[in-house]
Structures are given as structure tokens and as C-alpha cells.
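**Student:** generate coordinates for the sequence data below:
(one chain, ligands or ions: 1)
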Amino acid sequence: MRKVKFHKGYSEVFDVNAETFKVITNETYPYKQISKKDGKISAYGICPMCDNTVTLLGIYRPIKNERSDSYARHAKEDIPGFDKFNEDDYLYCPYHRRRANYVIEVRRKDITEEDIKILNIARENFDRCIYLIKKATGLVISNKLAMEIVKNYMANCGYMVHDRTDKNIPWIMLNKMPVIKLINRLVVKNSPLYEMLNKDSQVRLKAENKDYYRILPKNEKEYCALSLVIGEYSFLVDQRDNLNEYINLIITKPKNGLYSEYKRKNIQLDVYSFNNMVHSQKETYRNKELLKIAEDIIKIRP
Ligand SMILES: [Zn+2]
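**Tutor:** Sure thing, here's the model as predicted:
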């Protein structure tokens, strides 16, 4: 992996490189210590996704193989000064699994402390989730739709699915979104959804202002019922060890009393954008109305 953190839990994530390591840790124990394995000075951190200890390579010794940049890998053993190796968490870590398609399934019956932590983050940062959902898709989210999103997230136990982490809360919400009728919705200019609908045979996009366009039927006299289905969340760790996350936007249209796929677009999600937003402490994107909605709906079950 190319990212690391130095505190357990929901903390800031950094690139793996020698300079950052020195600045952030001051080379203190346990981050810098003599490896029991080979007796050499070694650098350690924590996996941003599963909270297990990782060994940082390329910090104190050049990397021998063809990789030129520093990177981190799971230590898979107990390292002094860090929590014990948690094999279950490791086995579900995206950096270990490397690839998963459409595996958004609820994991267990009982809610765990980690699930509650995720719920708390979701509630306190719901406005940021909505901001990122809009940014990723281009769909302008009304408060009414935001309420639907959070209701679906709760009803589908999005905080308890296999692949949920504290970084992908907005993307799990996106994956759990209800089917959305597109007519009369607003879309952001030049966004993925805008590109899908621009110059379309069924709809036209009418400028509301310089950024937002309204989705209207091409022919006012004809009924148009395009819907947006969002899903098929997947992730892939590439050959350079970067984690990538994707989701599909699928537009459907009515066919024989049901619906058929009309258009599809795969979009890449920004893996650490949510974490960065939360830790930047910028207040620009805060929205009290959305936070109130989350406050009312995200309730932890006893
Ligand atoms: Zn991990």
C-alpha cells in the first residue's frame, strides 16, 4: 500500500515516504525500532484500512526489487509497541484482498463497536458525504433525497457490510441509494451524469445557472421515465499497490412493464477524499440542515 497512518482509528492518512515518516513520527518508538527478525532499523505504521501494523519499506533501506517508491505492507505478526495482529481484520482488508466486486453484503447479526464508530462518523459528517456523492456523480442532492439516502443506508445496514471502512462511508451510502427518477433533477455541468445525458435522445439539459442543468424530457408531449441506479461497488489494488474504488452509474428506461439498462458509466471514486475532508477541519462544506437530518435518522440501536 502507498498510504499509512500512525494512530489507530479514524486518523489522518499519509503517503509512505521517508520525509513524511520523519516529520510525523520524529523517528520515535514504536514507529522506528530494531526489527526482531533481522536486527536492522525498521519503520512501522498502521494500515489505513484494517488498523493492523504495517512495515514501511524504503524508509531506512533502499528497496531491492524493481519498485522505486517506498511502500507499506502488513506485518502479519505482533510488533512491539503496537496492538496485536488481528487476522480477521487483515483478511477483510482491501489491501490484502486486492480485488472485490459487488460484495456489499451484511456481515453479521450483531452490531460491533467498529460499526458504532462508523455510524458516529457517518452522522457527524453526513454533509460531507452528500458533498462527495454530488461531486462524484454530478447529481444535485436535495434535502429530501439526502433523507432517502440516509434512510436507505440505515435500512440496509450500510455500516455493517463486509467492505465498509471508515474511509468509504460516502461510497457505501452511494451504493445504498434508492433508484432515482431523473426527470426534473438537477445535474452539475460536465459531471459524469451530465456526460451520460448530454446530447441524449430522450432528455435535454436546460441551464438553470452556470453550473446546474435541469433534466427535462426531450419531447414535452411524451412521457419519459429514465431512472438512475447506482451500484456494483468494487475495488482493486493495482500493480503499483494503489487502492482504487469504483462504482457504476446505470440509467434505465421502461421496457414491457419493467426496465432495461439504457446507459452505463463506471466512475472512479476518490479513496481518501472523505478522510482528508474530515481531517482538514475546513468548514466550507458544512451544512447544518443535512447534519440535522442525519441526527434524526442515524440512531444507534440498543
Ligand atoms: Zn490492512
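**Student:** and the helix or strand of the chain with the lowest mean pLDDT, what does it pack onto?
**Tutor:** Taking mean pLDDT, DSSP states H and E as the measure, the chain has strand 99-101 as its least confident helix or strand, at a mean of 76. Under the contact criterion of 3 or more C-beta pairs under 8 Å, 6 or more residues apart in numbering; DSSP states H and E, strand 99-101 touches strand 227-237. Placement of C-beta: from N, CA and C, glycine included.
**Student:** near the ion, which residues of the protein?
**Tutor:** Taking C-beta under 5 Å from the ion, the part of the chain that reaches the ion is made up of Cys47, Met49, Cys50, Cys93, Tyr95.
**Student:** one more time with 8 Å, if that's ok
**Tutor:** 1, 47-52, 54, 74, 89-90, 93-96 (C-beta under 8 Å from the ion).
**Student:** closest point of the stretch 151-300 of the chain to the ion, which residue?
**Tutor:** At 9.3 Å from the ion, Thr165 is the closest residue in the stretch 151-300 of the chain, using C-beta to the ion.
**Student:** surely that residue is in contact with Tyr95?
**Tutor:** No - because the distance of 10.5 Å does not satisfy C-beta atoms under 8 Å, Thr165 is recorded as not touching Tyr95.
**Student:** which neighbours do the two have in common?
**Tutor:** Met49 (C-beta atoms under 8 Å, 6 or more residues apart in numbering).
**Student:** now do the contacts for Met173.
**Tutor:** Ala122, Cys129, Ile133, Ile149, Val150, Asn152, Tyr153, Gly158.
**Student:** toward the C-terminus from the host helix or strand of it, list the very next helix or strand.
**Tutor:** Secondary structure from DSSP states H and E places Met173 in helix 169-175. The helix or strand immediately downstream of helix 169-175 is strand 180-181, counting by DSSP H and E.
**Student:** okay, now the sheet partners of that next one, with direction.
**Tutor:** Applying DSSP bridges to the sheet, strand 180-181 is found paired with strand 227-237 (antiparallel).
**Student:** buried by neighbour count: which residues of the strand it pairs with qualify?
**Tutor:** Using 16 or more other C-beta atoms under 10 Å as the test for burial, strand 227-237 gives Ser227, Leu228, Val229, Ile230, Gly231, Glu232, Tyr233, Ser234, Phe235, Val237.
**Student:** can I get the residues you listed in TSV with pLDDT and distance to Val278?
**Tutor:** Output for the buried residues of strand 227-237, formatted as TSV (pLDDT from 0 to 100; distance: C-beta to C-beta, whole Å):
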residue	pLDDT	distance to Val278
Ser227	91	32
Leu228	93	27
Val229	89	28
Ile230	90	23
Gly231	84	25
Glu232	83	26
Tyr233	87	20
Ser234	89	24
Phe235	90	20
Val237	92	23
